[in-house]
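# Here is a sequence together with a model predicted from it:
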Amino acid sequence: MIETISLWLTQTIGSFGYIGIFILMAIESSIFPLPSEIVIIPAGYLAYQGEMNYFLIVICGTLGSLAGACFNYYLAFKLGRTLLLKYGKYIFIKPYHLEKVEIFFNRHGEISTFSGRLVLGVRHFISLPAGLARMNLTKFSFYTILGSFIWVNILALLGFFIGENEELIQKYLWYIIIALIILIIIIAFFYAKKHISAAK
């Protein structure tokens, strides 16, 4: 099943080129569970073969991620508060929970958005609380682009240098994820330390 999907995606990317990358990454970055690995890694391999331009892959992948993230942001911005205030009680969400989300993202929205784009399973949904808290759109877009640019580059480089070797891709992707988690912990530590010092 996975091999069939991967083959279809590779063919789609090859057929539709950079527009295909943009569309698939926009889908990946929205609420639909499409892994970015099976979009960008094959594209990176096509760049290695000389069939695509590496930098255009990264640009289209990053902009696609931003488009999908903005879709989630506006979805939560326009409908999230209304729906949660009306139906939130059925899933144990009360108005003061929304206030806490707003306060948190007003204070820490930048670091949350940036680090969220680098974490598997979180990158798809980090835009929802940002929209719900009505985080500044310019800041949201900047940190989304920054985080997405790093992630797309990592995947494209894997495809470029490792190609179709699935075993090596899984191995190195796992190492990269661990390294990113450690990096995020370090950044969060110094970020918290800075804010604690500023509050004194």
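Received it, and whenever you're ready, just let me know what you need. Residues are numbered from 1 along each chain as shown.
# Without its sequence neighbours, what residue ends up closest to L75?
G131 (6.6 Å; Cβ to Cβ, 6 or more residues apart in numbering). No exception for glycine: its C-beta is placed from N, CA and C like everyone else's.
# Could you report the neighbour count for that neighbour?
25 (other Cβ atoms under 10 Å).
# Just list what the strand or helix carrying it packs against, helices and strands only.
In the assignment (DSSP states H and E), G131 maps to helix 127-132. Contact partners of helix 127-132 among helices and strands, from 3 or more Cβ pairs under 8 Å, 6 or more residues apart in numbering; DSSP states H and E: helix 54-75, helix 95-116, helix 137-162.
# So which of those helices is the most surrounded?
Per-residue neighbour counts averaged over each of these give the maximum for helix 54-75, namely a mean of 21 (mean count of other Cβ atoms under 10 Å).
# Now do it, average pLDDT.
The average of the pLDDT scores along helix 54-75 is 93.
# Centre of the chain to it, how far?
Relative to the mean C-alpha coordinate of its chain, helix 54-75 is positioned 9 Å out (Cα atoms, centre = their mean, to the nearest Å).
# Can you check what angle separates it from helix 137-162?
Taking axes from the mean of the first three to the mean of the last three Cα atoms, to 10 degrees, helix 54-75 and helix 137-162 form an angle of 140 degrees between their directions.
# just checking, what packs against helix 54-75?
helix 2-29, helix 37-48, helix 127-132, helix 137-162.
# out of those, which comes closest to L75?
helix 127-132 (6.6 Å; Cβ to Cβ).
# Any chance you could give me the closest one in CSV, C-alpha atoms only?
As requested, C-alpha coordinates have been extracted for helix 127-132 and formatted as CSV (Å, rounded to 0.1, in the frame of the first residue of the first chain):
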residue,chain,number,x,y,z
SER,A,127,-1.5,26.4,13.0
LEU,A,128,-4.8,25.6,14.7
PRO,A,129,-4.0,27.0,18.1
ALA,A,130,-2.2,29.9,16.5
GLY,A,131,-5.3,30.8,14.5
LEU,A,132,-7.5,30.2,17.5
